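K.L.:
Show me the folded form of this:
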Amino acid sequence: MRIQRVIAVLVLGVLVLGVCQLLLRPAPPQPAPVAPAPASPAVRDPHVLGTAMRLRIQGQFRQAEELLQQEYNTTFDPACGRMLLAIREDSGDPDALVKESRAFLQREPSDRFGQWMLARGLLFAAATHPEDRDVTTWLDQATGLVQKLESARYEPPDSRGGLAVLRTQIAFMRRQWAEADRLAQKSLKVGTTEGESAELVAMRCDLAIRAGRLGDAEALLDRALAMMESWKQPVYYMLRTHQEDALIVREVYFGQPFTKQDLDALDAYHRRLRETGVVDPLSKTDDYKRMHKSMRTWLDLRERGDAAGQLSMIETALANEESSPDTVRCFYSEAIVRPFKRAYFHVAAGDLCKALGRKDDARAHYEKALKSHPDDRIIQLRMKQLEVATAP
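P.N.:
Okay, the predicted model is just below:
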């Protein structure tokens, strides 16, 4: 009986111990609450890209950007993001292009088009801010992106030679003139967009002027302008400004002063372009009217033999230009002749100072022209001729 009681007590103790352990055992970890799945992006409006493209062709960049930005913020559709980056480039803000390309790549890190646009943005920034301390870094980063895209055998939209174009731009901005010309010819042979093809030819015109090959330069300028006029979707602003600047370059570098007939033809050309319905992004600033008024005033002063009046006009224009730094541009930002706008102003001013007997002022203008357009043999020749003329 005593044994049975002992056994009963032991059994009861075991049971009590088991219950206590069960009660005191830590609760098993509960699964972490599952966050609700993010709402699926809204489906992109199928008409957005087409509408944005039409606005882009018309030069209405701000409206196109607003439309795409609203759609991208709603849907995060990569196609909208890609077109938005392209229009950011069109609107001429390199800092925004770089910033938004980086943001796009954070969401789409393997997107080749995003990498392509970031490379272009970095080159755009380097061309626009040539004195920035980060220019070398931007060029190095762009080079790295090009190498990555080449390794991936990426082919930019409508531009088989697009990566060669980027290498051309990098060589140009590193002032590797011979390499830039070689790569430009390679890019044209492989094939690129009609816009970049014209700009490559224009860049070769720039390089020919630097090399003192004026015959080649004039032929290349004619070819570039003809290519632009043949575009299926002409860009009003580029056509108009390049036609204007081409007349000035012909006068300053090629010894072909523009005439009243040239300006009348330019006015008629302007009207034809506006009749197409394409919007001029600069129309609100009356840039066209100011430019043509200045060109007609210049023509009148030249025909009256008023060299002092011409020089005063140029010095006023240069005073306005001094607010922007000297730059070695490639594409972007008026590619055809404005890469050396300040240079040809200083060349013209130097020639006028020489004619007026102001040799020291002529030398100062030529030196500034050479700073704006390094290695320009035409300017170097004029400086040598000036030294010969002033030698005792």
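K.L.:
hey, where'd the helices end up in the stretch 1-150 of the chain?
P.N.:
2-24, 48-57, 61-75, 78-90, 94-107, 112-128, 135-151 (DSSP state H, counting those that start in this stretch).
K.L.:
How far off centre is stretch 348-360?
P.N.:
How far stretch 348-360 lies from its chain's middle: 35 Å, per C-alpha atoms, centre = their mean, to the nearest Å.
K.L.:
what do you get for stretch 129-137?
P.N.:
On C-alpha atoms, centre = their mean, the centre of stretch 129-137 falls 15 Å from the chain's centre.
K.L.:
pLDDT averaged over it, what's the number?
P.N.:
What stretch 129-137 shows for mean pLDDT is 86.
K.L.:
For the stretch 151-300 of the chain, just list every one of the helices.
P.N.:
Under the criterion DSSP H, counting those that start in this stretch, helices of the stretch 151-300 of the chain are mapped to 162-173, 177-190, 194-210, 214-229, 236-254, 260-275, 287-303.
K.L.:
Would you reformat those as TSV and include mean pLDDT and mean neighbour count?
P.N.:
(C-beta placed from N, C-alpha, C; glycine too.) Shown next, in TSV, are these (pLDDT from 0 to 100; neighbours: other C-beta atoms under 10 Å):
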stretch	mean pLDDT	mean neighbour count
helix 162-173	89	25
helix 177-190	91	18
helix 194-210	86	24
helix 214-229	89	17
helix 236-254	79	20
helix 260-275	84	13
helix 287-303	85	15
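K.L.:
for these, which one sits closest to residue 381?
P.N.:
helix 214-229 (10.6 Å; C-beta to C-beta).
K.L.:
helices or strands up against that closest one?
P.N.:
helix 194-210, helix 236-254 (3 or more C-beta pairs under 8 Å, 6 or more residues apart in numbering; DSSP states H and E).
K.L.:
Residue 91: which of these is closest?
P.N.:
Among these, the nearest to residue 91 by C-beta to C-beta is helix 236-254 (11.5 Å).
K.L.:
Name the stretch from the helices of the stretch 151-300 of the chain that approaches residue 154 most closely.
P.N.:
Among those, helix 162-173 comes nearest to residue 154, with 7.1 Å by C-beta to C-beta.
K.L.:
so the closest one versus helix 194-210, what angle?
P.N.:
For helix 162-173 against helix 194-210, the angle between stretch directions is 30 degrees (axes from the mean of the first three to the mean of the last three C-alpha atoms, to 10 degrees).
K.L.:
ok, residue 88 to residue 251 distance?
P.N.:
36 Å (C-beta to C-beta, to the nearest Å).
K.L.:
before we move on, back to that, mind putting the helices of the stretch 1-150 of the chain in CSV, mean neighbour count and distance to residue 175 included?
P.N.:
Formatted as CSV, the helices of the stretch 1-150 of the chain follow (neighbours: other C-beta atoms under 10 Å; distance: least, C-beta to C-beta, whole Å):
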stretch, mean neighbour count, distance to residue 175
helix 2-24, 9, 80
helix 48-57, 17, 33
helix 61-75, 18, 31
helix 78-90, 21, 23
helix 94-107, 17, 19
helix 112-128, 24, 12
helix 135-151, 16, 11
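K.L.:
Which one of those lies nearest to residue 174?
P.N.:
Comparing the helices of the stretch 1-150 of the chain by C-beta to C-beta, helix 135-151 comes nearest, at 6.5 Å.
K.L.:
what phi and what psi does the backbone show at the nearest residue to residue 250 once chain neighbours are set aside?
P.N.:
Ranked by C-beta to C-beta, 6 or more residues apart in numbering and with sequence neighbours excluded, the top spatial neighbour of residue 250 is residue 256, at 4.3 Å. Main-chain torsions, residue 256, degrees, to the nearest 10: phi -120, psi 80.
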